[in-house]
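J.: Can you look at this prediction? I've put the sequence above it.
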Amino acid sequence: MHRTRLGAALAAAALAASALVAVASPAAAADTELARNGGFEAGLTGWTCTAGSGSAVSSPVHGGSSALRAAPAGSDNARCSQTVAVRPDSAYSLSAWVQGSYVHLGASGTGTTDVSTWTGSAPTWQRLATTFRTGPSTTRVTVYLHGWYGTPAYHADDVSVLGPGGDPVTVPAAPTSLTAGTPGATSVPLSWNPSSGAEGYHLYRGAERIATVGGTSATATGLTPETSYSFRVSAFNEAGESPQSTAVTATTAAAGGGGELPAHALVGYLHASFANGSGYVRMADVPDSWDVVNLAFGEPTTATSGDIRFGLCPASECPNVESPAEFKAAIKAKQAAGKKVLISIGGANGQVRLASAAARDAFVSSVSKIIDEYGLDGLDIDFEGHSLSLDTGDTDFRNPTSPVIVNLISALKTLKARYGADFVLTMAPETFFVQLGHQFYGSGPWGGQDPRAGAYLPVIHALRDDLTLLHVQDYNSGPIMGLDGQYHSMGGADFHIAMTDMLLAGFPVAGDQNRVFPALRPEQVAIGLPASTQAGNGYTTPAEVNKALDCLTRGTGCGSYRTHGTWPALRGLMTWSINWDRFNDREFSRNFDAYPWS
């Protein structure tokens with residue numbers, strides 16, 4: 001400790017001496033304040049804070065009338081940063097006044113040794129300071145502040161970067177070679193060449209700015225099928241925004257997503273291949289309330305074979321089971337009444353890992369046989385457990401590389417092409433595989449995370465123009481962070497509101513604002529719930545179900561959560577299961593039938 005203090009004193013004396021010498025030198029005259037809006041008097045102008053974590057406040061302040069307040073949440077440490085222009089091979093001092101616990105100040109991209117300093121506790125204003133030297137070709141350095149995970153908000157003020165200023169920043173040139181990829185029914189992928197000196201890019205649809213990204217690609221979403229759109233892109237940095245690029249025009253594809261469903265549909269799983277405490281329900285006895293009946297389950301011969309088999313519950317387990325001929329006739333009767341009947345693949349016991357091309361092809365072949373034999377309308381993907389996971393290094397949901405993901409996408413696209421536009425495709429992932437991806441994606445950039453986290457996202461994204469319904473299981477789930485930065489727990493309206501809002505608004509994956517999972521159309525989304533307390537953890541009473549629907553479709557009764565829109569076209573509800581609903585005196589389906597959708 002004494003040695004450290006002595007070293008600091010000697011260093012301070014040396015710095016003071018060098019400063020005295022530098023007064024008379026030309027280099028010292030060039031030392032200027034490089035931090036822009038270091039006192040936050042202009043709000044957050046010049047600063048970028050992760051996940052919307054920062055804001056300018058009037059109290060407490062160290063100097064002037066404003067300061068920064070930044071609140072860590074979940075996996076976000078509330079990092080606020082700006083890039084400053086510097087000169088190569090030059091010395092700089094960095095300082096800031098901070099207040100709070102575990103506040104960090106640092107500089108990165110120095111070209112030499114990046115630096116940081118921090119305080120574990122600053123109940124009142126405390127000055128943090130450090131120095132750095134730039135490398136022989138460094139012209140930009142990023143300075144930053146951040147807190148620590150799970151700690152309260154921190155405050156910062158009067159950030160200073162002193163040293164010789166770099167070349168003045170100029171407005172970048174307009175991006176070139178804007179190109180549209182293959183359009184979907186509601187989305188168009190776009191890419192362009194980088195512009196020198198750009199900090200980011202704005203994407204425009206007509207005169208409307210629709211996205212801001214840090215890289216050279218983006219996807220325009222929320223479009224109308226079979227419609228022509230014009231896009232342009234501009235570059236920006238702290239000096240301003242460039243002119244817009246030459247426009248590119250793209251026409252969206254025809255709407256996919258399967259046969260017609262009611263404006264508001266009720267989806268249920270029928271225990272067709274097994275028995276449990278809920279009792280067996282014959283297909284002919286399924287009430288008319290159910291618009292989509294998912295046959296549970298088709299399962300693989302082995303986890304990696306891709307060979308899916310389905311058969312009716314054995315009579316030894318289900319004494320009242322119908323014959324195959326009666327079952328098929330009942331399916332046709334349901335279809336004649338406008339209902340859809342699908343084969344659901346997976347379930348809790350049906351692990352499916354299409355790790356090879358052979359497994360992929362076996363999946364397509366065997367699923368096709370089931371669909372053809374029973375005359376079904378389509379397919380439901382209910383992969384759970386360890387069916388989907390992301391290999392190390394597979395970090396971008398838009399361009400997956402893990403074989404089990406790539407092969408599943410390929411198989412589903414093949415099935416869709418084989419059966420055409422009326423093919424119904426639905427998915428029933430758990431929140432762990434979808435909404436958890438807002439915080440964690442795969443094993444993460446440094447490894448150590450569960451590789452299954454968010455693993456459905458690349459599948460949903462790749463099939464979004466073919467997807468009829470996504471009904472995430474809002475049950476058997478741990479707490480999940482919503483777009484408000486708060487954790488939400490299952491069992492009440494709040495959980496369904498927050499989880500569904502994420503699907504309908506879109507969300508950054510793993511907190512990366514440059515990798516945003518685009519919103520789905522409301523008619524593609526249903527809310528998944530258990531039909532009774534026996535059916536699964538997270539049972540929600542009819543009153544709470546209705547409260548969630550009121551909020552999402554009317555904007556009323558939302559409680560403390562603020563949604564990012566109102567979606568009267570929300571498709572409906574899914575439940576596990578038709579059998580458990582009958583066991584519970586049809587509480588779930590009766591409530592759906594009685595709900596005033598319009």
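T.: Arrived safely.
J.: Look up how far His271 lies from Val286.
T.: 11 Å (Cβ to Cβ, to the nearest Å). Where C-beta positions appear, they are placed from N, C-alpha and C, glycine not excepted.
J.: Now for these two: what residues contact both?
T.: Jointly contacting Val286 and His271 under the rule Cβ atoms under 8 Å, 6 or more residues apart in numbering are Ile578.
J.: What helix or strand is Glu373 located in?
T.: helix 357-374 (DSSP states H and E).
J.: Touching that helix from outside, list them.
T.: 295, 298, 304-310, 327-328, 331, 341, 343, 345, 352-354, 376, 378-379, 407-408, 410-411, 414-415, 418-419.
J.: Which positions in it come out as buried?
T.: Under the neighbour-count criterion of 16 or more other Cβ atoms under 10 Å, helix 357-374 has 359-364, 366-368, 370-371, 374 buried.
J.: same deal with stretch 269-285?
T.: For stretch 269-285, by 16+ other Cβ under 10 Å, it's 269-275, 278, 280-281, 283.
J.: would you turn the residues you listed into a markdown table with distance to Ser242, pLDDT and secondary structure?
T.: Listed next are the buried residues of stretch 269-285 as a markdown table, based on distance: Cβ to Cβ, whole Å; pLDDT from 0 to 100; DSSP: H, G, I helix; E, B strand; the rest coil:
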| residue | distance to Ser242 | pLDDT | secondary structure |
| --- | --- | --- | --- |
| Tyr269 | 53 | 98 | strand |
| Leu270 | 57 | 98 | strand |
| His271 | 60 | 97 | strand |
| Ala272 | 59 | 96 | coil |
| Ser273 | 60 | 95 | coil |
| Phe274 | 61 | 94 | coil |
| Ala275 | 66 | 88 | coil |
| Ser278 | 62 | 94 | coil |
| Tyr280 | 66 | 96 | coil |
| Val281 | 63 | 97 | coil |
| Met283 | 62 | 97 | helix |
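J.: Can you lay out those residues as JSON lines showing distance to Glu238?
T.: Shown next, in JSON lines, are these (distance: Cβ to Cβ, whole Å):
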{"residue": "Tyr269", "distance to Glu238": "54"}
{"residue": "Leu270", "distance to Glu238": "60"}
{"residue": "His271", "distance to Glu238": "61"}
{"residue": "Ala272", "distance to Glu238": "62"}
{"residue": "Ser273", "distance to Glu238": "62"}
{"residue": "Phe274", "distance to Glu238": "62"}
{"residue": "Ala275", "distance to Glu238": "67"}
{"residue": "Ser278", "distance to Glu238": "62"}
{"residue": "Tyr280", "distance to Glu238": "67"}
{"residue": "Val281", "distance to Glu238": "65"}
{"residue": "Met283", "distance to Glu238": "65"}
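J.: ok, so of those residues, who is nearest Lys547?
T.: Tyr269 (24.3 Å; Cβ to Cβ).
J.: Could you count how many residues lie near the closest residue to the closest one other than its chain neighbours?
T.: Of all residues not flanking Tyr269 in the chain, Ser577 sits nearest, at 4.2 Å (Cβ to Cβ, 6 or more residues apart in numbering). The tally of other residues near Ser577 (other Cβ atoms under 10 Å) stands at 24.
J.: Ser577: what's it in contact with?
T.: Ser577 neighbours (Cβ under 8 Å, 6+ apart): 268-271, 278, 296, 531, 535.
J.: if I look at it, how far off is Ser55?
T.: In terms of Cβ to Cβ, Ser577 sits 46 Å off from Ser55.
J.: Likewise for Pro568?
T.: Using Cβ to Cβ, Pro568 is found at 32 Å from Ser55.
J.: Phi, psi for Ser443 please.
T.: phi -80, psi 0 (degrees, to the nearest 10).
J.: do the same with Tyr154
T.: phi -110, psi 160.
J.: again with Thr83
T.: Backbone torsions of Thr83, given as degrees, to the nearest 10, read phi -110, psi 130.
J.: what about it, how many neighbours?
T.: Residues near Thr83, counting by other Cβ under 10 Å: 19.
J.: same check, this time on the one 5 residues further on
T.: The number of residues packed around Pro88, counting by other Cβ under 10 Å, is 14.
J.: if I pick Thr304, what's in contact with it?
T.: 353-356, 359.
J.: Which residue is the nearest non-sequential neighbour of it?
T.: Using Cβ to Cβ, 6+ apart, the nearest residue to Thr304 is Arg353, at 5.1 Å.
J.: same check, this time on Pro445
T.: Counting by Cβ to Cβ, 6+ apart, the residue nearest Pro445 is Thr395, at 6.6 Å.
J.: The one you found is in contact with Tyr441, isn't it?
T.: Yes: in this structure, Thr395 is within contact of Tyr441 by Cβ atoms under 8 Å, at 6.6 Å.
J.: Now for those two: what residues contact both?
T.: Ala510.
J.: Between the two, which has more neighbouring residues?
T.: Tyr441 (27 against 19).
J.: Could you pull up the residues touching the more buried one?
T.: Tyr441 touches 390, 395, 397, 449, 453-454, 457, 509-510, counting by Cβ under 8 Å, 6+ apart.
J.: Just give me the closest of the residues you listed to Gly74.
T.: Using Cβ to Cβ, the contacts of Tyr441 come closest to Gly74 at Ala510, 10.9 Å.
J.: any idea how far Tyr441 is from that closest one?
T.: Going from Ala510 to Tyr441 by Cβ to Cβ gives 4 Å.
J.: got a pLDDT number for the residue nearest to Tyr269?
T.: Ser577 is assigned 97 on the pLDDT scale.
J.: Which strand or helix spans the closest residue to Asn349 other than its chain neighbours?
T.: Counting by Cβ to Cβ, 6+ apart, Asn349 lies nearest to Glu299, which is 6.9 Å off, once chain neighbours are set aside. Following DSSP H and E, one finds Glu299 within strand 292-300.
J.: Could you do Asn546 as well?
T.: helix 542-554.
J.: Contacts only, for Met77.
T.: Let me fix one detail, which is that residue 77 is Asn and not Met. By Cβ under 8 Å, 6+ apart, the contact set of Asn77 is 50, 146-149.
J.: quick one: which two of those residues are the most distant?
T.: Using Cβ to Cβ, those reach their maximum pairwise distance at Thr50 and Trp148, which is 13.3 Å.
J.: Cool, thanks, talk later.
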